[in-house]
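> Got a sequence here, can you model it:
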Amino acid sequence: MNILLLGSGGREHALAWKIAASPLVTKLWCAPGNAGIAREAECVALDVADHAAVIEFCRGNAVELVVVGPETPLAAGIVDDLVAVGIKAFGPSRQAAQLEGSKGFTKDLCSEFDIPTGAYRRFDNAKDAVAYVRAQGAPIVVKADGLAAGKGVVVAQTLPEAEAAIAMMFEGAFGSAGAEVVIEEFLSGREISFFALCDGETAIPLASAQDHKRVFDHDKGPNTGGMGAYSPTPFVTPEVHDQIMARIILPTVAGMKSRGTPFKGVLYAGVMLTAQGPKLFEYNVRFGDPECQVLMLRMMSDIVPAFLASIDGQLKNFDLRWYPDPALTVVMAAKGYPGDYIKGTRIGGLDDAAKVEGVEIFHAGTVAKDGAIIANGGRVLNVCAMGKTVTEARDRAYQAIDRIKWPDGFCRRDIAWQAVEVEKG
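Numbering: from 1, shown residues only. Prediction:
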């Protein structure tokens with residue numbers, strides 16, 4: 001098959017690496033790609049937001065499958081437009097992508113289909129939102145309803161913080177994404193990522209994972225798109241796994257189907273393991289970043305037939321196999337991220353780092369220039385490793401990081417600390 005992958009981050013490099021390994025692939029392109037992806041696929045300078053240009057490229061190159069990495073093109077209906085002209089595309093329709101594109105949509109779905117989640121209210125003005133927050137008290141969570149590149153959520157520990165977040169959102173800090181605000185109960189517990197592959201009717205679970213959202217060690221500092229992840233997580237026991245499937249994933253798939261907006265693609269549930277059991281706090285409609293990187297390392301099965309089974313409604317006859325060994329990834333980011341950071345700094349030592357046993361390095365924000373690798377984003381590299389234990393995987397990843405020569409980058413040094421504590425007993 002000729003396959004086109006859309007996106008340019010670490011998630012897409014991991015997907016490109018996994019797709020390229022499939023014997024079903026004749027030719028793989030990625031638009032726009034990055035310096036690392038260029039080793040797995042031919043990168044093409046296509047504007048992913050220009051659906052007509054994507055369709056024209058597919059027709060001109062006999063592309064038989066399009067795999068959509070990021071959420072923005074999904075929310076914009078790229079899958080609908082491709083399917084309308086007879087091109088297979090992996091990912092949800094624009095309507096189904098509202099599970100990520102609108103926090104209020106997801107909360108209303110949970111309410112309608114009895115999916116466990118925190119109490120919430122939706123607001124279209126600051127005055128009512130502030131009154132609600134004052135009545136509820138802190139801590140409380142304030143979310144911009146729409147897509148805000150992972151930054152539209154404020155976990156307010158105090159009332160002034162909550163009021164400042166409401167003001168910021170209604171004053172346009174996130175553009176149209178903050179035209180409506182969802183305020184929800186603060187859920188306490190352990191946060192995990194749960195992924196399922198869906199075909200509109202059936203859902204099959206992928207491996208569990210846990211990511212690290214805060215920018216600094218010991219979960220300090222502002223939230224980011226994710227500073228590292230590992231899989232599997234010891235906190236998703238077989239019992240917890242079954243509860244998440246039965247109470248959250250399957251009712252969502254059934255509910256979306258009954259509403260006439262069946263969900264196909266990857267459903268990524270952000271789940272809080274509370275004292276009352278697992279509760280959903282958010283949905284994403286694509287692979288997580290950086291969780292995708294550890295899932296691709298651990299997936300034994302060929303991913304291309306999995307994509308096709310999801311598109312064709314054949315998951316009920318489908319099974320995915322996984323390597324038992326844990327995988328871990330550490331994000332190397334440009335100094336200053338998630339605030340202002342400098343682009344254009346040079347990165348050395350990558351080939352040496354990749355020689356560490358069990359290590360795979362995925363590029364998240366890089367460009368190649370005059371034979372050098374240059375940082376071109378906030379999150380720049382994903383240094384991944386597998387091992388017999390989480391501790392061994394972690395040691396290998398940091399050993400590789402210590403070989404990378406990039407004084408303008410930084411990373412957390414405590415990825416998977418909770419799992420390492422469990423292993424130590």
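> Just give the number of residues close to the nearest residue to residue 313 once chain neighbours are set aside.
Once flanking residues are discounted, residue 313 sits nearest to residue 199: 4.7 Å by Cβ to Cβ, 6 or more residues apart in numbering. (Glycine included, C-beta is placed from N, CA and C.) The local packing of residue 199 (other Cβ atoms under 10 Å) involves 21 other residues.
> so what's residue 199 up against?
264, 309, 310, 311, 312, 313, 314, 315, 316 (Cβ atoms under 8 Å, 6 or more residues apart in numbering).
> what do you get if the cut-off is 6 Å, keeping everything else the same?
By Cβ atoms under 6 Å, 6 or more residues apart in numbering, the contact set of residue 199 is 264, 310, 313, 315.
> Then residue 389?
residue 423.
> Apply 8 Å and report the result again.
Neighbouring residues of residue 389 by Cβ under 8 Å, 6+ apart: 326, 423.
> what's the first-to-last distance across stretch 218-225?
Distance across stretch 218-225, first residue to last, is 17 Å (Cα to Cα, to the nearest Å).
> hang on, the earlier thing: look at the residue nearest to residue 313 and report its pLDDT.
Listed pLDDT for residue 199 reads 97.
> That one and residue 15: what is the separation?
19 Å (Cβ to Cβ, to the nearest Å).
> What of residue 267?
16 Å.
> Look at those two and report which has more neighbours.
Neighbour comparison, residue 267 and residue 15: the larger count goes to residue 15, with 31 against 27 (by other Cβ under 10 Å).
> any idea which helix or strand carries the more buried one?
Element membership of residue 15, judged by DSSP states H and E, is helix 10-20.
> picking up where we left off before, quick one, phi/psi of the residue nearest to residue 313?
Per-residue torsions, residue 199: phi -120, psi 20 (degrees, to the nearest 10).
> which stretch of helix or strand covers residue 215?
strand 214-216.
> just the CA coordinates of the helix or strand that comes right after that strand, formatted as PDB?
With elements assigned by DSSP H and E, the helix or strand that comes after strand 214-216 is strand 220-223. Taking Å, rounded to 0.1, in the frame of the first residue of the first chain, the C-alpha atoms of strand 220-223 are listed here in PDB:
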ATOM      1  CA  LYS A 220       6.400  20.800  39.900                       C
ATOM      2  CA  GLY A 221       5.800  23.700  37.500                       C
ATOM      3  CA  PRO A 222       3.200  24.300  34.800                       C
ATOM      4  CA  ASN A 223       1.400  21.600  32.800                       C
END
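> next one: strand 220-223 to chain centre, how far?
Averaged C-alpha coordinates place strand 220-223 at 18 Å from its chain's average position (Cα atoms, centre = their mean, to the nearest Å).
> Pull the number of nearby residues for residue 175.
Look at residue 175: counted by other Cβ under 10 Å, it has 11 neighbours.
> Now do the contacts for residue 44.
29, 30, 31, 32, 33, 57.
> Repeat the analysis, applying 10 Å as the threshold.
When contacts are counted by Cβ atoms under 10 Å, 6 or more residues apart in numbering, residue 44 touches 4, 29, 30, 31, 32, 33, 54, 57, 61.
> Among those, the buried ones, what's the ChimeraX command?
To isolate the buried subset of those in ChimeraX, counting by 16 or more other Cβ atoms under 10 Å, use the following:
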select :4,29,30,31,33,54,57
